[in-house]
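# below: sequence and its predicted model.
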Number of protein chains: 2
Amino acid sequence: MEAPKSNFSEWYNEIIELSGLTDKRYPVKGMNIWMPYGFSLMKNVDELIRARFYSDGYEEVMFPSLISKGMFEIEFEHIRGFEKELFWIAKGGKDSLEEDLAMRPTSESAIYPMLKLWIRDHGDLPMRLFQIVQVYRYETKHTRPFIRSRDIHFIECHTSHRDYSDAEEQMKLYREEWKSFTGAICIPFLEVKRPDWDKFPGAVYTIAFDTLMPSGRTLQIGTIHQYGTNFSKNYEIEFADENGVGKNVNQTTFGMSERLIGAIVGIHGDDKGLIIPPDVAPIQIVIVPIGTQGPEMEKFIKKLENELGKMGLRYKTDRDDRYTPGFKFNQWEMKGVPLRIEIGEREVQSDSITVSRRTKKGRNKIPVSQLSDLKNELREVSKELFARAETILRSGLEGKMTGSLEATIRTAFVCEKQSCATALEGKYDKTMMGAILNYGSNGKCEVCGEDGRTSLFSNPY
Amino acid sequence: MEAPKSNFSEWYNEIIELSGLTDKRYPVKGMNIWMPYGFSLMKNVDELIRARFYSDGYEEVMFPSLISKGMFEIEFEHIRGFEKELFWIAKGGKDSLEEDLAMRPTSESAIYPMLKLWIRDHGDLPMRLFQIVQVYRYETKHTRPFIRSRDIHFIECHTSHRDYSDAEEQMKLYREEWKSFTGAICIPFLEVKRPDWDKFPGAVYTIAFDTLMPSGRTLQIGTIHQYGTNFSKNYEIEFADENGVGKNVNQTTFGMSERLIGAIVGIHGDDKGLIIPPDVAPIQIVIVPIGTQGPEMEKFIKKLENELGKMGLRYKTDRDDRYTPGFKFNQWEMKGVPLRIEIGEREVQSDSITVSRRTKKGRNKIPVSQLSDLKNELREVSKELFARAETILRSGLEGKMTGSLEATIRTAFVCEKQSCATALEGKYDKTMMGAILNYGSNGKCEVCGEDGRTSLFSNPY
């Protein structure tokens, strides 16, 4: 690491390549390579989310990546909202295609024509689908790996319900699921109801999950949308109720992306490099042998590996003899492995291991008979990561931030009128992101004095 | 099921939708939807392959889906071979892109410019990467789900080696891996060395894995390619050897696709529907309760589910009370679930279960104390599936096929000259697919009398 984290942008660009998450040198603008370490991290996050969705009864599908021009020709604010971001395919080989095709920017216009065919009566509802795919957006803003790219790893749920109130229950479930996902990656968040003029194109309302990056800017890392019947009316998605009466379904969506990786990198890392939350770390424990590795030590390590495997832990033993232990310590700290175990002569003799946490100084000796303590150690790392990030976010909200982060975000009471929001945006030189649902309180609008709510002002990515 | 399997094409098109694998009504030509059951099957196949690749030491990456025109501008037979199949993107929103982008048809031209940067010296070799992604081909031939589509689920390995002989070792490893993959899905195959005029564009040689579909046509379900230094010279991929001398790496690739699903459907299915090999079945065992489901039966089922879960089996209990047991039997047979367990009054009283195999008639009573027998039952299903398919393939090769499959494939001794192959292609009205490596023997060419080898003649998909 050259750049300190206080120079966030440089630090971020450097660490994501140094640690082996991505390679930015791919010759297409805004598109980067998932290197093995990065792929493994993203896959662990995917699997965490997938497991919860399965246990909550969602079904996984995979739609084609392309959407025909005709499918986009529904005259609807959703379609217009994405017009500028579509990559268009007009040729196959040297032939002009019969109909131009767009790469999906999100999948409403791919999925909803099929829901029209699949949904027949109330017995088909609720229908809850998700897919984990790449989506493509022709971003004209500055691109940055994991945060704003043109080829985006995306997780999207689409649900259909018999009425608005059932769709509202779904919105509550999303919020619970989100809490469990972000708990596992130790990322605190604000639930921010986007103002009407900034909701997802076509939605009734949007709740975004915003977090605070060390640059002082907020990052939207997930969104849930209540569509009501806005989409189902345009796509003619109807079901027959118990009396055979045709009604439009009510719909919701939940979207998350590789920005989760951007948040993990940005929020937890330090001057030494990454710190990866134990629940999703490709390697949770690295074992570094010290000194000459005779047969006795090898036997000790094998036994240890065997035990860690049985405990379901992801470990790696670094036997590379080209490097010194000190060099290896730095490398694995840079890659953010939560725990390190050192094994030397003394450890073998005393049937114990020396453990260091990535999150704190010092070492800790554990007898091999108490290896189950390692699970506690990992839990402690998670707690520390979460607590640290939570403190920073709270300080920001409470105006207690010091140093470079001072006053990068702030809150104010504001009502639902755009004119009041605009007035405060000018005053604070920040964007009004919306009312915060999981922090603050109701209060009188700073501008007009009418009913308002604690709202987030920030400079978002 | 309407169409019998003897009318293969109709049967195939019908069963893939009825069983819930895919939906062909997606409004873009040649692109189909992975429905939950189909997605789950493909994912199980992916995970089987992924696990073996990990244990053999490969690293997983994910490259962007798009390749710039400049990356294709290397003048090389590989590039020319794919020219007609590329989907081209020229516009982002309403802007013309600075450089046209193609959707990857395979990933050599995406990956190899990066290998040039990643590979420095002999310590970096062998480098073995794989990715599981979608690839896109503008197919002008008749499309068919899983067999020929324009948006293809693809598994590709790319390896780099210090010399040709190390690359040849890799080719051997691929063949072992392939045997284990196809063993798990119960598909017999021929290793066919494609003739020089039909090898992969840019390869030194290609070995294809061909299998026989019930239509009588052969289906290429996997390929391995020895590239030698053909690609590394064009892409300037060099390493420094122990003496610091720069050399081009030798490369190989291994490709497989959703055609594995096409083969599973086509080869194992029967007039009742699919039969899914146990190792990859989304549901290995379906439990159908019979008669009134009182608390005693519910308790019995819960206990059974608990045991099956502990055994690591994938099961589902069909509690849907809208349908009769007979209807359910047909449904789950159609979906190809390998084993069915019936639970009625009698089973509860005698603490036993009634088991039927999808592959044979009759039922079998097993005491709950011997539930571990179910693993044997599953193994038996796998054996039966493999043996059945193997017999058909062998009969075809030996000219003993009867009925509609008679004489759809045949073998003949032929040398390596294209003129001899062409002569026999005319005579037998079939394509010469290449010399078979895992069947037959050496022998004199039927045309010229020079040294030849048992070769496959067929009408391939």
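It's in. Residues are numbered from 1 along each chain as shown, chains lettered A, B, ... in the order given.
# so what's the residue count around the residue of the stretch 151-300 of chain A found nearest chain B?
Using Cβ to the nearest Cβ, the closest approach of the stretch 151-300 of chain A to chain B is made by A:D151 at 4.6 Å. Using the backbone N, CA and C atoms, a C-beta is placed for each residue, glycine as well. A:D151: 22 surrounding residues under other Cβ atoms under 10 Å in any protein chain shown.
# what distance do you get for it to A:T22?
12 Å (Cβ to Cβ, to the nearest Å).
# where do the contact lists of these two overlap?
Between them, A:D151 and A:T22 share the neighbouring residues A:N32, with contact defined by Cβ atoms under 8 Å, 6 or more residues apart in numbering or on different chains.
# low pLDDT regions in chain A?
A:1, A:403-406 (pLDDT under 70).
# how is it divided into domains?
For chain A, the domain assignment from automatic domain parsing gives the residue ranges A:8-268, A:283-376, A:407-458.
# so which of the ones you listed is nearest B:L393?
Ranking those by their distance to B:L393 (criterion: Cβ to Cβ) puts domain A:8-268 first, at 31.0 Å.
# buried residues of the top helix by length along chain A, list them for me.
Of all segments of type helix in chain A, defined using DSSP state H, the longest is helix A:373-397. Buried residues in helix A:373-397, counted by 16 or more other Cβ atoms under 10 Å in any protein chain shown: A:374, A:377-378, A:380-382, A:384-386, A:388-389, A:392-393, A:395-397.
# if we can go back for a sec, and the domains of chain A: which comes nearest B:D429?
In this view, the domains of chain A are compared for proximity to B:D429 by Cβ to Cβ, and domain A:8-268 is the closest at 29.4 Å.
# between the two ends of that closest one, how far is it?
Taking Cα to Cα, to the nearest Å as the measure, domain A:8-268 stretches 12 Å from start to finish.
# comparing the domains of chain A, which comes out most buried?
Mean neighbour count, computed with mean count of other Cβ atoms under 10 Å in any protein chain shown, is highest for domain A:8-268 among these, reaching a mean of 20.
# can you map out the helices along chain A?
A:8-18, A:36-55, A:77-82, A:108-118, A:164-184, A:230-234, A:259-268, A:295-310, A:325-334, A:345-350, A:373-397, A:418-428.
# chain B: which of these is closest?
When these are ranked by proximity to chain B (Cβ to the nearest Cβ), helix A:36-55 comes first, at 4.0 Å.
# check whether the closest one comes near chain B.
Yes: Helix A:36-55 lies within reach of chain B by Cβ under 8 Å from any Cβ of the partner chain, at A:36, A:39-40, A:43.
# tell me which of those residues is nearest to B:Y58?
Looking at the residues of helix A:36-55 next to chain B and their distance to B:Y58, the nearest is A:P36, at 9.3 Å (Cβ to Cβ).
# from A:M256, how far off is the closest one?
Going from A:P36 to A:M256 by Cβ to Cβ gives 22 Å.
# could you do A:S19 as well?
According to Cβ to Cβ, A:S19 stands 22 Å off from A:M256.
# tell me, what residue is most central in chain A?
Relative to the mean C-alpha position of chain A, the nearest C-alpha, by Cα atoms, centre = their mean, is the one of A:L260, at 2.1 Å.
# my guess is that residue contacts A:I185, does it?
Yes: between A:L260 and A:I185 there is a contact at 6.4 Å, judged by Cβ atoms under 8 Å.
# quick revisit: how far does the longest helix of chain A sit from its chain's centre?
Helix A:373-397 has its C-alpha centroid displaced from the chain centroid by 17 Å (Cα atoms, centre = their mean, to the nearest Å).
# give me the residues contacting that helix.
With Cβ under 8 Å, 6+ apart as the criterion, helix A:373-397 contacts A:183, A:186-188, A:190, A:211-212, A:214, A:267-268, A:275, A:277-279, A:284-285, A:308, A:311, A:313, A:338-339, A:355, A:357-360, A:364, A:366, A:400-402, A:405, A:408-411, A:439-440.
# try it again at 6 Å.
Residues from elsewhere that reach helix A:373-397, judged by Cβ atoms under 6 Å, 6 or more residues apart in numbering or on different chains: A:186, A:188, A:212, A:267-268, A:277-278, A:338-339, A:357, A:359, A:366, A:401, A:409, A:411.
# same thing with stretch A:2-22?
Stretch A:2-22 is touched from outside by A:32, A:35, A:37-38, A:145, A:214-215, A:270-271, A:273-274, A:334-335, with contacts defined as Cβ under 6 Å, 6+ apart.
# closest one to B:F231 out of those, please.
Distances from these to B:F231 were compared by Cβ to Cβ; the smallest belongs to A:M35, at 20.9 Å.
# without its sequence neighbours, what residue ends up closest to that closest one?
The shortest distance from A:M35 to any non-neighbouring residue, by Cβ to Cβ, 6 or more residues apart in numbering or on different chains, is to A:G20 (5.1 Å).
# now the phi/psi pair for the closest residue to chain B within the stretch 201-350 of chain A, please.
Here the residue of the stretch 201-350 of chain A nearest chain B is A:R322; by Cβ to the nearest Cβ that distance is 8.3 Å. The main-chain torsion angles of A:R322 are listed as degrees, to the nearest 10 and equal phi -80, psi -20.
# do you know how far it is from B:H122?
When Cβ to Cβ is the yardstick, A:R322 and B:H122 sit 13 Å from each other.
# if we can go back for a sec, and the furthest pair within the contacts of helix A:373-397?
A:I366 and A:T411 (44.1 Å).
# which ones are touching the closest residue to chain B within the stretch 101-250 of chain A?
With distances taken as Cβ to the nearest Cβ, the stretch 101-250 of chain A approaches chain B most closely at A:Y138, which sits 3.2 Å away. Taking Cβ under 6 Å, 6+ apart as the definition of contact, the neighbours of A:Y138 are A:85, A:87, B:92-93.
# and which of those is nearest A:R162?
Using Cβ to Cβ, A:E85 is the member of the contacts of A:Y138 that sits closest to A:R162, with 32.7 Å.
# and that closest one, how close does it get to A:V45?
Distance of A:E85 to A:V45, computed by Cβ to Cβ: 24 Å.
# ok, A:E416 next?
35 Å.
# could you do A:E345 as well?
Using Cβ to Cβ, which is the criterion applied here, A:E345 is 39 Å from A:V45.
# same check on A:G443?
Remark: distance between A:G443 and A:V45 (Cβ to Cβ) = 37 Å.
# now do A:K233
Counting by Cβ to Cβ, the separation of A:K233 from A:V45 is 35 Å.
# ok, now A:C445?
39 Å.
# and A:K365, by the same measure?
Where A:V45 is concerned, A:K365 sits at a distance of 33 Å (Cβ to Cβ).
# cool, A:L190 as well?
Shown here: A:L190 relative to A:V45, a distance of 20 Å by Cβ to Cβ.
# check what contacts stretch A:296-303 and list those residues.
Residues from elsewhere that reach stretch A:296-303, judged by Cβ under 6 Å, 6+ apart: A:V348.
# how far does that stretch sit from its chain's centre?
When C-alpha coordinates are averaged (Cα atoms, centre = their mean), stretch A:296-303 and its chain have centres 39 Å apart.
# repeat for stretch A:210-222
Going by Cα atoms, centre = their mean, the spacing between the C-alpha centre of stretch A:210-222 and its chain's C-alpha centre is 11 Å.
# ok, now stretch A:10-17?
On the basis of Cα atoms, centre = their mean, stretch A:10-17 sits 18 Å off its chain's mean C-alpha point.
# residues contacting the residue of the stretch 351-461 of chain A found nearest chain B?
Sorted by distance to chain B under Cβ to the nearest Cβ, the residues of the stretch 351-461 of chain A start with A:Y461, at 20.3 Å. The neighbours of A:Y461, taking Cβ under 6 Å, 6+ apart as the test, are A:147, A:217, A:219.
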